[in-house]
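> Sequence and computational prediction follow.
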Amino acid sequence: MKFNTKAIHGGQEPDLAYGSVMPPIYQTSTYAQTTPGEHKGYAYSRSHNPTRHALENSIASIENGHFGLAFGSGLAAIDAILKLLQPGDEVISTSDLYGGSYRLFTSIYKKFGIKFHFIGMQDSENIEAYINKKTKLIWVETPTNPMMNIIDIKACGFLAKKHNLLLAVDNTFATPYLQQPLDLGADIVMHSATKYLGGHSDVVLGALVVKDKELADKLYFIQNASGAICGPQDSFLVLRGIKTLHVRMQRHCENGRAVAEYLANHPKIEKVYWPGFENHPNHSVAKAQMKDYGGMISFSTKGNNFEEAIKIVENLNVFTLAESLGGVESLAGHPASMTHASIPKEDREKIGVLDSLIRLSVGIEDIDDLIADLNQAIN
């Protein structure tokens, strides 16, 4: 079954009760038992819920995995991965990553004795120098947030297998439509399903997908024991979103390319970060591991002018100034004061998150309207 078909049918069966094509919203906390311990597969909705189960099957299918787990947010999903670790363990993470992930790593898990190394991963050879006997996990984002750096998942997978480590990949920006990390050697794929999988800016949800049953069982235990699950209504909304993921991503990619090319040719723009450019660092890796290059773009104005960047995002009309990404509507953000404000300024600027940097999530509106909006705001 090919991707476009799996997005609609993958892991899904008509509801057993009445043949409902879409899984019903099972808005229930508990389920009747015939005798203690005997039930129809569901006992309590923190542990299992039919609507959430349908979503988990769908996400596993489109990521070419065997086991899916859904959580209350992307950070809750990351939290479950980190709970696989013990005090004294070490994690190698890309230095350019979502500010919420950085905050979880440094403000929560660091005090529990987990050590994090934040390094540039564009050159995979740089990773091995940080691997030691205490290393347990390699954490990858690709494309990275917000600098759109590309990391070679296959090379990271080789290192993980060589040293018996777990490789987890945040696939939020690319989505399984553009890349499938499990097929490239990852052990765990993470999604903030709030973004492209949901696709309509109306839900907060996270997900993990794995192939290995032993690893899945550990994560299922953490999911149930910690209880950071999503509700059935949210599960239904993301499942509905997945059914149009392929057609939405096609338009995100088309519009993203047009916006990136417009910005690259604008005299007031210093730099455009988009992996589809041939001169983008690791473009060849992106071309090999991605189907297309997505709708996420960052750019900076000339002179690293904070006030000018703020003026641009405040004057956009079709693009909405807001947190998040991946919805049908175009969004603009200022990472230094929004998504990455939790990262110290000195550390932000080392990875290129300057005060002049603007991040765009290019939606599926008419491209002429998007470019006209950017043009009037920049000029």
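Right, received. Where do you want to start?

> Which pLDDT value does the model give the residue nearest to Glu254 when sequence neighbours are not counted?
Leaving aside its sequence neighbours, Glu254 sits nearest to Ile367 (C-beta to C-beta, 6 or more residues apart in numbering; 7.3 Å). Where C-beta positions appear, they are placed from N, C-alpha and C, glycine not excepted. For Ile367, the model assigns a pLDDT of 98.

> Would you check that Ile367 makes contact with Asn255?
Yes. Assessed by C-beta atoms under 8 Å, Ile367 is found in contact with Asn255 at 5.1 Å.

> Who has more neighbours out of those two?
Asn255 (21 against 17; other C-beta atoms under 10 Å).

> In contact with Gly72, which residues?
204-206, 228-230, 234 (C-beta atoms under 8 Å, 6 or more residues apart in numbering).

> possible to save those as a markdown table with neighbour count, distance to Lys291 and secondary structure?
As requested, those are arranged in a markdown table below (neighbours: other C-beta atoms under 10 Å; distance: C-beta to C-beta, whole Å; DSSP: H, G, I helix; E, B strand; the rest coil):
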| residue | neighbour count | distance to Lys291 | secondary structure |
| --- | --- | --- | --- |
| Val204 | 21 | 27 | coil |
| Leu205 | 29 | 24 | coil |
| Gly206 | 26 | 23 | strand |
| Ala228 | 18 | 31 | coil |
| Ile229 | 22 | 31 | coil |
| Cys230 | 26 | 28 | coil |
| Asp234 | 24 | 28 | helix |
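
> Give me the pLDDT value at the closest residue to Glu314 other than its chain neighbours.
Distances taken as C-beta to C-beta, 6+ apart place Leu321 nearest to Glu314, at 6.7 Å, with adjacent residues excluded. Leu321 is assigned a pLDDT of 97 by the prediction.

> Next: Asn304.
Confidence at Asn304, expressed as pLDDT, is 75.

> residues in contact with the closest residue to it other than its chain neighbours?
In this structure, Asn304 finds its nearest non-sequential neighbour in Ser356, 4.4 Å apart by C-beta to C-beta, 6+ apart. Residues near Ser356 by C-beta under 8 Å, 6+ apart: 270, 300-301, 303-306, 308-309.

> can you put the contacts of Gly72 in a markdown table and add pLDDT?
A markdown table is the format used below for the contacts of Gly72 (pLDDT from 0 to 100):
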| residue | pLDDT |
| --- | --- |
| Val204 | 98 |
| Leu205 | 98 |
| Gly206 | 98 |
| Ala228 | 98 |
| Ile229 | 98 |
| Cys230 | 98 |
| Asp234 | 98 |
